[in-house]
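1. Sequence first, predicted model second:
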Amino acid sequence: MERRSFLRGAVVGGTAAAFGYTLMQGAAYAAPAQKGPGPYGALGTADANGIQLPSGFTSRVIAGSGQKVGSTAYTWHNAPDGGACFADGTGWIYVSNSEISSTGGAGAIKFNSTGSITGSYRILSNTNRNCAGGATPWNTWLSCEEVSNGYVYETDPWGVNAAVRRDAMGRFNHEAAAADPVRKVIYLTEDASDGCFYRFVPSTWGNLSAGTLQVLKAGTATSGSFTWATVPDPDGSPTPTRDQVSGAKLFNGGEGCHYANDTVWFTTKGDGRVWQLNLAAGTYELAYDDSLVVGGGAPLTGVDNVTGSSSGDLYVAEDGGNMEICIITPDDVVATFLRINGQSSSEICGPAFSPDGKRFYFSSQRGTSGSSSGGITYEVTGPFRS
């Protein structure tokens, strides 16, 4: 079968990510990506931060849980999780969730044009296990609660406007969100072994206070066509949203979600898969499956948060595995981009590029102690292709 051909472009909402696809002809689906040499070569030895990177790349620690961020007064939150970057004049802001029960929320770090930290502050407080989320085209951060009957909160990366709970987006075990400005919808994943994949259709694009929650319907195969059906009772009580629509396709532990150029990708950690929805064609397929890697030895396991780059590369973080971030290239090659050593009790979260695509941010949620108090947030710079 022919490989996918990816388009280049730029994603909205302050993130430097771009993907696309060639419409499939008939029932010809692309084979899931396979392991191979990455675009940046082999990993080098671990640096002073315990991170292995390809030649030409360097890492630095920008924040640690329980410590002041740079010279600011803000103490970085525990259990840093999902994140995104937003353009801020000639600089940018990195937003990060806190996956802590009852007091979770989210924080932010401001950078100037040289990458120096100029500020850090809280943008959401006293919410519950804020895991992943997603940026909107109007430059807000959707912070999602990973609990039964969890909510989505719309937050201001600048910390000026108060966060708003978006009840219409449904109550379930929320994980990630991804905005589609073409169809004017927000895609949502559900972290449950029998979870669903949703989209929220706002009554007015740019205003998430009202709208319709829909769920993806499809067969049990790993490829085929799909449709959308309205969830009758988005508040999920007494019947969970995933159980309300007959024929809703179930996914094993929905995690990260990323949209660009008529395509949305999302991961399911329960079965080690990356799914691809070809939105214009109304079809879905597997972009990656760790059980289908030829010869075994899958380079990517424990798939979790996901983001993309302007070159068309998909970056997938591992929860467990070898504590790696792997790349899936436009040629459907899977390769390791970085590895964190000595943190086997942690998970990698919040991968995001600065708006210019030259700096890459992520966190090790339990990096220093193996507990929720030990999060570390990193920045990687180097010759990222564009």
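-> In hand now; what should we look at? Numbers count the residues shown, from 1 in each chain.
2. the strands in the stretch 1-150 of the chain, which residues?
-> 34-35, 51-52, 58-64, 80-88, 91-98, 106-111, 117-124, 130-135, 141-145 (DSSP state E, counting those that start in this stretch).
3. Go through the ones you listed and name the closest to residue 288.
-> Shortest distance between residue 288 and the strands of the stretch 1-150 of the chain, using Cβ to Cβ, is found for strand 34-35: 8.8 Å. For the C-beta atoms, the positions are set from N, CA and C on the backbone; glycine is no exception.
4. Other residues contacting the closest one?
-> 293-295, 297-299, 332-335 (Cβ atoms under 8 Å, 6 or more residues apart in numbering).
5. 10 Å - rerun?
-> Here strand 34-35 makes contact (Cβ atoms under 10 Å, 6 or more residues apart in numbering) with 288, 290, 292-300, 326, 331-336.
6. and these, which are buried?
-> Among those, the ones that count as buried by 16 or more other Cβ atoms under 10 Å are 288, 290, 293, 298-300, 326, 332-336.
7. now the strands of the stretch 1-150 of the chain as JSON lines including distance to residue 163 and mean neighbour count?
-> Supplementary listing: the strands of the stretch 1-150 of the chain in JSON lines, determined by distance: least, Cβ to Cβ, whole Å; neighbours: other Cβ atoms under 10 Å:
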{"stretch": "strand 34-35", "distance to residue 163": "41", "mean neighbour count": "18"}
{"stretch": "strand 51-52", "distance to residue 163": "32", "mean neighbour count": "22"}
{"stretch": "strand 58-64", "distance to residue 163": "20", "mean neighbour count": "19"}
{"stretch": "strand 80-88", "distance to residue 163": "15", "mean neighbour count": "26"}
{"stretch": "strand 91-98", "distance to residue 163": "12", "mean neighbour count": "27"}
{"stretch": "strand 106-111", "distance to residue 163": "8", "mean neighbour count": "25"}
{"stretch": "strand 117-124", "distance to residue 163": "5", "mean neighbour count": "20"}
{"stretch": "strand 130-135", "distance to residue 163": "11", "mean neighbour count": "29"}
{"stretch": "strand 141-145", "distance to residue 163": "8", "mean neighbour count": "28"}
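8. Can you lay out those strands as CSV showing mean pLDDT?
-> Converted to CSV, those look like this (pLDDT from 0 to 100):
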stretch, mean pLDDT
strand 34-35, 96
strand 51-52, 98
strand 58-64, 97
strand 80-88, 98
strand 91-98, 98
strand 106-111, 98
strand 117-124, 98
strand 130-135, 97
strand 141-145, 98
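9. Quick one: the ones you listed as TSV, columns for distance to residue 195 too.
-> Formatted as TSV, the strands of the stretch 1-150 of the chain follow (distance: least, Cβ to Cβ, whole Å):
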stretch	distance to residue 195
strand 34-35	27
strand 51-52	32
strand 58-64	31
strand 80-88	16
strand 91-98	19
strand 106-111	22
strand 117-124	23
strand 130-135	13
strand 141-145	13
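10. follow-up on the earlier one: filter the buried ones among the contacts of strand 34-35 down to just the ones in helices.
-> Among the buried ones among the contacts of strand 34-35, DSSP state H puts none in helices.
11. farthest pair in the residues you listed?
-> 332 and 336 (15.7 Å).
12. who does residue 378 bridge with?
-> residue 61, residue 362 (DSSP bridges).
13. surely it meets residue 363?
-> Yes. Judged on Cβ atoms under 10 Å, residue 378 makes contact with residue 363 at a distance of 7.0 Å.
14. Neighbour count: these two, which is higher?
-> Using other Cβ atoms under 10 Å as the criterion, residue 378 and residue 363 rank with residue 363 on top: 31 against 21.
15. just so I have it, where are all the helices in the protein?
-> For the chain, no helices are identified by DSSP H.
16. Where does pLDDT dip in it?
-> Low-confidence segments of the chain (pLDDT under 70): 1-29, 369-373.
17. Need the single longest strand in it, by residues.
-> Assignment by DSSP state E gives strand 207-217 as the longest strand of the chain.
18. so what does that one touch, helix or strand wise?
-> When contacts are defined as 3 or more Cβ pairs under 10 Å, 6 or more residues apart in numbering; DSSP states H and E, strand 207-217 packs onto strand 152-155, strand 164-165, strand 185-190, strand 197-204, strand 227-230.
19. Identify whichever of the strands of the stretch 1-150 of the chain lies nearest to residue 267.
-> Nearest to residue 267, of all those, is strand 130-135, at 10.2 Å by Cβ to Cβ.
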